[in-house]
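K.L.:
sequence first, then the predicted structure, then my questions.
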Amino acid sequence: MNEALLRSLTPSVLGILVRRGADFAAAEDAVQDALVEAVRVWPTDPPRDPKGWLVTVAWRRFLDATRADTARRRREDLVDEEPAPAPAPAVDDTLQLYFLCAHPSLTPSSAVALTLRAVGGLTTRQIAQAYLVPEATMAQRISRAKRTVSGNGVSPARAKPRARGRFDQPGNVATVLRVLYLVFNEGYSGDIDLAAESIRLTRQLAAAIDHPEVAGLLALMLLHHARRATRTAPDGSLVPLAEQDRGRWDTDSIAEGVEILQAALARDRLGEFQAQAAIAALHADAPTAEETDWVQIVEWYDELARLTDSPVVRLNRAVAVGEADGPRAGLAALAALNDSLPRHAAVAAYLHERDGDLATAARLYAEAAHKAPNLAERDYLTRQAARLNAHRCR
């Protein structure tokens, strides 16, 4: 059984059912039933046309469910219109599915789960394992998301021409990209590598829509993913960027990311993901941490702050300023920010240490450890505080 093939066919099969008039929730249920049937049947009786087989089985499951639903008797006439099994048309509906899954009424977590299920082809169990939640909890989340997408009062099939007219609008693209970035940032938990999965999904989107920010996000993911093997030590402890073994970075991913980014930047339609990718590319381009072009990184953070007006961006900019112009300049930039920002204490600790104020740095590292969002970061910050305290006691 080729799981990768099933996952690659899922978006187009779902899109065909939606195009024929099925509402999103019912179509998605029918496709999932067809996938289960494929897992059962294909190992002993593989079809000549896998996509056509899935479309036929899913459509029949949809019609069976429709006939059983007395509240939707108006769909009974679709039974007589069931198309004969034949090769499925080569129409890519993946793009429409991305925008349906990034429905503005969905919460980010629900949009991510629905994207993984409908576009990624993952099962509810796989998504639940990736998010470390019970399968029943994830099933409820996906079910609510499907009801939201289907309950907007407009049939997806009828709304499609109007929706396609909006696909090149920045706000809509930004919603989809933010969902994909959330998937990527979930990292590598459970049985599913969500970072690799988000790269796969973003490649799909990049093939379907010509937009520089889509390319920017793909470049950013590739550049970050290239450092994956060096982010943690064998014991699971966190390894900061400056201490990572750059010889183990994935140079092919870096080269691909830089090439994609350069093509996107050449279009002169700068967006936040392109700016973030440019910063990541400068880190990847430096042979050593000491050779990092921090001045240019500060310039890119200035662009990113202009685009997003994000306090988190300004926090990261303070680190870059501290590297480019010295720790006191970094602390001056940090002083303008609210100290309740996530990781504010960690940044302050680092800059104070570089400025030679070890007592303040140790105290701030301990404070940052207490607020750390995960165990690996907490342990790293605790070790930093212990290291400075031990140094002061000598």
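P.N.:
On my side now, so go ahead. Numbering: from 1, shown residues only.

K.L.:
mind saving the C-alpha coords of stretch 255-272 as CSV?
P.N.:
Written as CSV, here are the backbone C-alpha positions of stretch 255-272 (Å, rounded to 0.1, in the frame of the first residue of the first chain):
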residue,chain,number,x,y,z
ALA,A,255,20.7,26.0,-1.9
GLU,A,256,17.1,25.4,-2.9
GLY,A,257,15.7,27.8,-0.3
VAL,A,258,18.1,30.6,-1.4
GLU,A,259,17.2,30.0,-5.1
ILE,A,260,13.5,30.2,-4.4
LEU,A,261,13.9,33.3,-2.2
GLN,A,262,16.0,35.1,-4.8
ALA,A,263,13.4,34.5,-7.5
ALA,A,264,10.7,35.8,-5.1
LEU,A,265,12.6,38.9,-4.1
ALA,A,266,13.3,39.7,-7.8
ARG,A,267,9.5,40.3,-8.2
ASP,A,268,9.8,43.3,-5.9
ARG,A,269,6.6,42.5,-3.9
LEU,A,270,8.2,42.1,-0.5
GLY,A,271,6.2,40.4,2.3
GLU,A,272,6.9,39.1,5.8
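
K.L.:
excluding its backbone neighbours, what's nearest His370?
P.N.:
Arg378 (7.9 Å; Cβ to Cβ, 6 or more residues apart in numbering). Yep, even glycine has a C-beta here, placed from its N, CA and C like the rest.

K.L.:
does Val321 touch Val298 like I think?
P.N.:
Yes - shown here, Val321 and Val298 form a contact pair, counting by Cβ atoms under 8 Å, at 5.7 Å.

K.L.:
so what's Arg363 up against?
P.N.:
Residues near Arg363 by Cβ atoms under 8 Å, 6 or more residues apart in numbering: Ala349, Ala385.

K.L.:
let's see 10 Å
P.N.:
Ala345, Ala348, Ala349, His352, Asp357, Ala385, Leu388, Asn389 (Cβ atoms under 10 Å, 6 or more residues apart in numbering).

K.L.:
among the residues you listed, which are in helices?
P.N.:
Ala345, Ala348, Ala349, His352, Ala385, Leu388, Asn389 (DSSP state H).

K.L.:
ok, which pair from the residues you listed is furthest apart?
P.N.:
Among these, the pair separated by the greatest distance (Cβ to Cβ) is Ala348 and Asn389, at 16.8 Å.

K.L.:
show me which of these two is the more surrounded one.
P.N.:
Higher neighbour count among Ala348 and Asn389: Ala348, with 25 against 16, using other Cβ atoms under 10 Å.

K.L.:
what is the burial count for the closest residue to the more buried one other than its chain neighbours?
P.N.:
Excluding its sequence neighbours, the residue lying closest to Ala348 (Cβ to Cβ, 6+ apart) is Leu364, at 5.0 Å. Neighbour count of Leu364, defined by other Cβ under 10 Å: 25.

K.L.:
what of Thr66?
P.N.:
For Thr66, using other Cβ under 10 Å, the count is 18.

K.L.:
list the buried residues in the strand or helix carrying it.
P.N.:
Assigned by DSSP states H and E, Thr66 falls within helix 50-68. Residues of helix 50-68 classed as buried: 50-63, 65-66 (neighbour count, 16 or more other Cβ atoms under 10 Å).

K.L.:
for Ala346, see how far away Leu106 is.
P.N.:
For Leu106, the distance to Ala346 equals 32 Å [Cβ to Cβ, to the nearest Å].

K.L.:
do the same with Ala386
P.N.:
15 Å.

K.L.:
what do you get for Tyr380?
P.N.:
Where Ala346 is concerned, Tyr380 sits at a distance of 9 Å (Cβ to Cβ).

K.L.:
no further queries at this time; thank you.
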